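Novice: Got a sequence here, can you model it:
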Amino acid sequence: MSELSVTAGSGGAAATGPSVAVLQAAGVPPIDLTALVADQRDPLLFATVSGAHLYGFPSRDSDVDLRGAHLLPVAALVGLREPEETRTLMGERDGVETDLVTHDLRKFARLLLRRNGYVLEQLLSPLVVHTTPVHQELIALAPGFVTSHHAHHYRGFAGPQWRLFERTGELKPLLYTLRVLLTGIHLMATGRLEAHLPTLAGEPGAPAYLPELIAAKEAAEHGAAGALVDPERLRADIAALHARLDAAQAATALPDAPSGRDALHDLVVRARSGSAGSGEPGSAASASSASAATRRSTASQATSPRRTASSSSRAAPTSSVSVPVRTRSRAQARARSRCIACFQWGAPPRATSARSCLSRLAAKRT
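Specialist: Just a heads-up that it's a prediction; the model follows:
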């Protein structure tokens, strides 16, 4: 096997910026997607087209699925509020439904390390609407994220889609089932991520009826498979593809664990601090100021006369010291009971009246 590499889509490596020609060749409607991604609260690191347009079987009425990563400001991560790590923006432009879903860079990075083929396909999609230097660095690191366990992702995705097809008979879940199984097989065998179903249909072992199914899906988003393929043959082909994926995973040269964790961590830190072309200035200075303030506060507490050992026998509480909790026995607790009649500490706890309590106290004094 040649050296392992990672590519996606029919165009190989991801493009370096928006390309109207590439988007239109994939069937993306001629709408202004750059305006959509530009109207965001926080900087977008990248946005690409995913879904049926990436997979090569869009319909005339398919919506446009945009996926990407955004960069939250430092204040959103260090404050008390829960950070908005995932954002979904659904809308319509020029009569076309759009769906933009982005993750904060840290969450996106964690997903990359969790055998998630879906986010890899988003990262490496050649249908680029918006890109940055951080996006390009992520692409360069992508080969280190691919492992043999990505077969589990594609196998797991195929199951629900196949069951959905069995319930509805629609072409869409059937094509998704075939696409993820063929993508998983191709990735395990070659180390290359190919999400484009028409390209996969031309490889040995792909079902011969795939081009016909793709053409039928193009005519109707929720069209039925009908008599396009014999159901028994279809079940046999799906079972055979599952067996091929199992065999490809067993024989793959892909590693068991990702190797790019440290480099990815470094990229996230640099992007957050504004030194990786992410578009968030001032983060490093803010972090430095906070660190300096912490040092000044610590020094002030160390030299304060009210907190020195010579002026007080009790040490100032710190977050790193565990204070033991004093416990009392039941007898001690009973001895400290308050009299229910006169509310005096140390009085007999079972006194039923003020007279009985006072008489006992008087007898005790004599």
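
Novice: Show me where this structure has its strands.
Specialist: Applying DSSP state E to the chain gives strands spanning 44-50, 64-70, 86-93, 96-104, 128-130.

Novice: got the contact list for stretch 243-254?
Specialist: Applying C-beta atoms under 8 Å, 6 or more residues apart in numbering, the external contacts of stretch 243-254 come out as 1, 4, 146-148, 150-151, 154-155, 181, 184-185, 187-189, 191, 205. For glycine as for every other residue, the C-beta is placed from the backbone atoms N, C-alpha and C.

Novice: re the thing from before, worst mean pLDDT among the strands of the chain?
Specialist: Mean pLDDT is lowest for strand 86-93 out of those, coming in at a mean of 90.

Novice: Tell me what angle it forms with strand 64-70.
Specialist: Strand 86-93 runs at 140 degrees relative to strand 64-70, counting by axes from the mean of the first three to the mean of the last three C-alpha atoms, to 10 degrees.

Novice: if we can go back for a sec, with mean neighbour count and distance to Ala25 as extra columns, can I get the strands of the chain in TSV?
Specialist: Formatted as TSV, the strands of the chain follow (neighbours: other C-beta atoms under 10 Å; distance: least, C-beta to C-beta, whole Å):
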stretch	mean neighbour count	distance to Ala25
strand 44-50	26	12
strand 64-70	24	15
strand 86-93	12	20
strand 96-104	19	17
strand 128-130	22	13
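
Novice: of those, which approaches Leu210 most closely?
Specialist: Leu210 lies closest to strand 44-50 among those, at 20.3 Å (C-beta to C-beta).

Novice: Give me the helices and strands touching the closest one, please.
Specialist: Counting by 3 or more C-beta pairs under 8 Å, 6 or more residues apart in numbering; DSSP states H and E, the packing neighbours recorded for strand 44-50 are helix 33-38, strand 64-70, strand 96-104, helix 117-124, strand 128-130, helix 133-141.

Novice: follow-up on the earlier one: may I see the strands of the chain arranged in TSV, with distance to Leu267 as well?
Specialist: Shown next, in TSV, are the strands of the chain (distance: least, C-beta to C-beta, whole Å):
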stretch	distance to Leu267
strand 44-50	10
strand 64-70	11
strand 86-93	20
strand 96-104	14
strand 128-130	18
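
Novice: Buried among the contacts of stretch 243-254? Make that a PyMOL selection.
Specialist: Restricted to buried positions by 16 or more other C-beta atoms under 10 Å, the PyMOL selection for the contacts of stretch 243-254 reads:
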select buried, resi 146+147+148+150+151+154+155+181+184+185+187+188+189+191
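
Novice: Which members of the contacts of stretch 243-254 occur in helices, if any?
Specialist: Of the contacts of stretch 243-254, the ones assigned to helices by DSSP state H are 150-151, 154-155, 181, 184-185, 187-189.

Novice: From those residues, pick the one nearest Leu264.
Specialist: Using C-beta to C-beta, these come closest to Leu264 at His150, 16.3 Å.

Novice: In this structure that closest one contacts Leu112, no?
Specialist: No. The criterion here is C-beta atoms under 8 Å, and His150 misses it with Leu112 at 11.0 Å.

Novice: How about Pro30, nearest residue that isn't a chain neighbour?
Specialist: Leaving out its chain neighbours, the residue that sits closest to Pro30 by C-beta to C-beta, 6 or more residues apart in numbering is Gln24, at 6.4 Å.

Novice: Quick check: that neighbour vs Glu194, distance?
Specialist: From Gln24 across to Glu194, the span is 21 Å (C-beta to C-beta, to the nearest Å).

Novice: what do you get for Gly202?
Specialist: Computed as C-beta to C-beta, the Gly202 to Glu194 distance reads 11 Å.

Novice: about what we covered before: so which of the helices and strands packed on strand 44-50 is nearest Lys217?
Specialist: strand 64-70 (15.4 Å).

Novice: where are the low-confidence patches of this protein?
Specialist: Low-confidence segments of the chain (pLDDT under 70): 1-18, 276-366.

Novice: so what sits against both of His150 and Leu112?
Specialist: By C-beta under 8 Å, 6+ apart, the residues touching both His150 and Leu112 are Leu120.
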